[in-house]
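Trainee: Quick check, what structure comes out for this input:
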Amino acid sequence: MPKVRRSRHPPPEGWELIEPTIDELEQKMREAETEPHDGKRKVESLWPIFRIHHQKSRYIYDLYLRRKAISKELYDYCIKEKIADQNLIAKWKKQGYENLCCLRCIQTRDTNFGTNCICRVPKSKLEEGKIVECVHCGCRGCSG
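Mentor: Numbering: from 1, shown residues only. Predicted coordinates:
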């Protein structure tokens, strides 16, 4: 299995604990990138990539900020090597964005009416029984 791309700097202590999970997620990402998208809409082919990217960033975020299982040096290394998304993690730290699926869902320039994505609308405000999916990442509701 190919290793995660890294710079010349050796990884800090504790890397061997998270390396198998990161390698597994990288393998899933490669599979999602090469998966045929016959019969899918153009945007649907990108949804698995967004989900894996979110999963990888959430894994690093949980280990560092929630469980305190990795060191600051290892967390900074993962951010610097772009293993985890720094901007997405910064949003997760803010109130109301704890479960944000991707950054495109809060960008108003990507929507028709200059508002947030439909997945940011609380489920209590939507019609009952109506299933909505985000156009950008396929999320079914990340606002809570």
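
Trainee: give me the element Trp47 is part of.
Mentor: Applying DSSP states H and E as the criterion places Trp47 in helix 47-61.

Trainee: from the chain's centre, how far out does that helix sit?
Mentor: Distance of helix 47-61 from the chain centroid (C-alpha atoms, centre = their mean, to the nearest Å) equals 3 Å.

Trainee: I'd like to know which elements the helix or strand following it is packed against.
Mentor: Sequence order places helix 72-80 as the next helix or strand after helix 47-61, per DSSP H and E. If you count contacts as 3 or more C-beta pairs under 8 Å, 6 or more residues apart in numbering; DSSP states H and E, helix 72-80 packs onto helix 15-34. C-beta: built from backbone N, CA, C; applies to glycine.

Trainee: Also compute the angle for the helix it packs on relative to helix 47-61, please.
Mentor: 170 degrees (axes from the mean of the first three to the mean of the last three C-alpha atoms, to 10 degrees).

Trainee: From the contact counts, what lies against helix 15-34?
Mentor: Checking 3+ C-beta pairs under 8 Å, 6+ apart, helix 15-34 ends up next to helix 47-61, helix 72-80.

Trainee: got the contact list for the closest residue in space to His53 that isn't next to it in sequence?
Mentor: Ranked by C-beta to C-beta, 6 or more residues apart in numbering and with sequence neighbours excluded, the top spatial neighbour of His53 is Asp85, at 6.7 Å. Applying C-beta atoms under 8 Å, 6 or more residues apart in numbering, we find Asp85 in contact with His53, Ser57, Leu103.

Trainee: how about stretch 128-144: buried residues?
Mentor: Cys134, Val135, His136, Cys137, Gly138, Cys139, Gly141, Cys142, Ser143 (16 or more other C-beta atoms under 10 Å).

Trainee: hang on, the earlier thing: tell me which of the helices and strands packed on helix 15-34 sits most buried.
Mentor: helix 47-61 (a mean of 19; mean count of other C-beta atoms under 10 Å).

Trainee: pLDDT on that one, on average?
Mentor: Across helix 47-61, the average pLDDT comes to 96.

Trainee: what angle do it and helix 72-80 make?
Mentor: 160 degrees.

Trainee: Helix 47-61 packs against which elements?
Mentor: By 3+ C-beta pairs under 8 Å, 6+ apart, helix 47-61 packs against helix 15-34, helix 86-92.
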